[in-house]
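K.L.:
Kindly generate the corresponding structure for this input.
(2 chains)
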Amino acid sequence: MSETVTLDVVRRVAELALLELKDDEVARMQKDLNAILGHIDQLNELDTAGVPPMAQVSEILGGQVEASAEALREDVVRPSIDRTAVLREAPEADHRFFKVPKVIER
Amino acid sequence: MNFETLSIDQARAALTSGETTATALAEAHYARIAQEDGKINSYLSLAKDRALAQASKIDALAKAGDPLPPLAGIPLGIKDVLTMVGSPATAGSKILEGYHPPYDCTAVAKLEAAGAVLLGKLNCDEFAMGSSNENSAYGPVHNPRALDRVPGGSSGGSAAAVAAGFCVASLGTDTGGSIRQPAAFCGVTGLLPTWGRVSRFGLIAFASSLDRIGPFTKNVKDAATLLGVMAGSDIMDATASHTPVNDYVAESQKPVAGLKIGVPEEYFGEGLDPEIRTAVEKSIADLKAAGCEIKKISLPHTRYAIPTYYVIATAEASSNLSRFDGVRFGLRDKSAPTLTGMYRQTRDAGFGAEVKRRILLGTYALSAGYYDAYYKKAQQVRTLLTRDFLSAFADVDAIVTPMTPTPAFKLGEKTDDPVAMYLADVYTVAASLAGICGVSVPCGNTKDGLPIGVQILGKHFDEGMALRVAQAVENAQK
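P.N.:
Got it, this is the predicted structure:
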């Protein structure tokens, strides 16, 4: 059922994913995506009308075992990682903030 | 001391008898790594300061005659997708080059608190995406049992380091088979805990609804020991389950007579290497001889597991990997004058081809117009795959299958064909999607001497049962 992914679609998806692809990469990805999507098309052999989608494991377990995500921790203040230790890892920072190239043009 | 077979029990006995010290044991492993890891490439970085400080702390305890914690002095290797203060965390990617995380992964911290000595960080496929360890930006890992072959992936370094005796045990992660498949390829034991059994805090995320941390060990009992230390809830991970932690070692040593073992026909079809089939059938016969009842079962949606997995895992990856943008950690391409340009050029320079391929696939599957056709459809099939297991486990205690369709393949053999590479995961991904637990345990060798693994699957939070059956398989090898 899947339409063939065109070079333009690959470029558009790369833009959405904030990936910059060179022309030879675009062609290679087009070939690979079509091969993989062709394989994925097998899923259409299955009638899934009325089947609930499963986003994570504890959903389907229901009452069988404790649904893990339901256990919330107490809302108390705890120390977090020191700011200087975090900013030390940034490619560019001043003492308080991460620095990025200028976003707003005057 | 035979380092290739040195287990936790043996190392502990040698430490308590005074035959060796924690410091000497760590140094002996470092010496082996220095001498032999050049041809395997399993370690990406060594954590000598932290390891030797811990070792001397353990030695001081022993000298004072104080009680030793359960993993006192046991040298471990850690897959480089788990954070450890003082060590780089690369996730096998250039985009995290130079990053030193300021916090410890919970599972790693728990092992160290139990006395373990953390030797260093182990090579893996970039962001744990791969089945051969050939996607690491820091070079492939070679299989210690056959250097021209892959160790499996993505936790290839973790499996190889245990097989080569570069640590007593290691940690890996498994999203679609990344512990179980390399364990089989390298001839060691690998444990996939139930999703939510071990906290994921400090695991660099690939696909959050699938990612799990688990051990590689020399035997089944060691895997039970390490799980017992790591399992449990964590205030830093709301999805880490509060389900009680069992005594996995005690459970793993119980006899298996009277247990019902399911053998799913779908795992023995076309594509299964005949030598692997014979070895796995021999293990099933061994279980029968040990008093198990063998039942043929069906998991009818098995053939849809790979396409389902490659939609869900890539969709989640495309979201998780958006955090790598050159702002907070690792690499930044400083040549771009604009913010968006900086993001794009950094990601272009930092990510390898397989990671880009999966981000693109996942972004495509989630994009407007395709969401229902791909992502929602895959989530629905995930329900069907999980129901297959839930109804099978109503009748059987554990399920036995081959671990891999073929033994370890040659380096370079599948690198040009992503679909062929994905099909190597045929026996692993269904259990990943269903969230159940499993053990990969060695069950023989091919005539060329390549290891063969068998997979024992257990129901959710029933690791004790999976380990118990795995122990019986291991016992039959002796």
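K.L.:
Centre-most residue in chain B?
P.N.:
B:Ile179 (2.4 Å; C-alpha atoms, centre = their mean).
K.L.:
so, in contact with chain A or not, the helix or strand in which B:Ala431 is found?
P.N.:
For B:Ala431, the element it lies in under DSSP states H and E is helix B:429-434. Yes: counting by C-beta under 8 Å from any C-beta of the partner chain, chain A is contacted by helix B:429-434 at B:Ala434. Using the backbone N, CA and C atoms, a C-beta is placed for each residue, glycine as well.
K.L.:
Mind giving me the packing neighbours of that helix?
P.N.:
Judged by 3 or more C-beta pairs under 8 Å, 6 or more residues apart in numbering or on different chains; DSSP states H and E, helix B:429-434 is in contact with helix B:305-320, helix B:377-392.
K.L.:
Moving C-terminal from that helix, which element do we reach first?
P.N.:
Counting by DSSP H and E, what follows helix B:429-434 is strand B:437-445.
K.L.:
List the strands paired with the next helix-or-strand element following that following strand, with their directions.
P.N.:
Note on strand B:437-445: by DSSP H and E, the next helix or strand toward the C-terminus is strand B:451-458. Counting by DSSP bridges, the strands paired with strand B:451-458 are strand B:398-402 (antiparallel), strand B:437-445 (antiparallel).
K.L.:
phi, psi of B:Tyr43?
P.N.:
Phi and psi for B:Tyr43, reported as degrees, to the nearest 10, are phi -90, psi 130.
K.L.:
sorry, back to before: would you tell me which of the helices and strands packed on helix B:429-434 gets closest to chain A?
P.N.:
For chain A, the closest of the helices and strands packed on helix B:429-434 is helix B:377-392, at 3.4 Å, according to C-beta to the nearest C-beta.
K.L.:
Run through who's touching the helix holding B:Ala431.
P.N.:
A:57, B:174-177, B:192, B:210, B:299, B:301-302, B:305-306, B:308-309, B:312, B:382, B:385-386, B:388-390, B:437-438, B:455, B:457 (C-beta atoms under 8 Å, 6 or more residues apart in numbering or on different chains).
K.L.:
State the pLDDT value of residue 20.
P.N.:
Using chain A here. Model confidence at A:Glu20, given as pLDDT, is 92.
K.L.:
wait, chain B
P.N.:
Reported pLDDT for B:Thr20: 97.
K.L.:
and what of B:Met1?
P.N.:
At B:Met1, the predicted lDDT confidence score is 88.
K.L.:
and it, what is it in contact with?
P.N.:
B:14, B:20, B:28.
K.L.:
and the gap between the residue nearest to the second one when sequence neighbours are not counted and B:Leu111?
P.N.:
Which is B:Thr20. Leaving aside its sequence neighbours, B:Thr20 sits nearest to B:Ala14 (C-beta to C-beta, 6 or more residues apart in numbering or on different chains; 4.8 Å). In this view, B:Ala14 and B:Leu111 are 19 Å apart by C-beta to C-beta, to the nearest Å.
K.L.:
can you list the residues that contact the lowest-mean-pLDDT helix or strand in chain B?
P.N.:
The least trusted helix or strand in chain B, going by mean pLDDT, DSSP states H and E, turns out to be helix B:418-423, with a mean of 84. Helix B:418-423 has contacts (C-beta under 8 Å, 6+ apart) with A:32, A:35-36, A:39, B:130-132, B:271, B:306, B:310, B:354, B:357, B:405, B:414-415.
K.L.:
And the residue minimising distance to the centre of chain A, its phi and psi?
P.N.:
Nearest to the geometric centre of chain A sits A:Ala17, at 8.9 Å (C-alpha atoms, centre = their mean). With angles defined as degrees, to the nearest 10, A:Ala17 sits at phi -90, psi 10.
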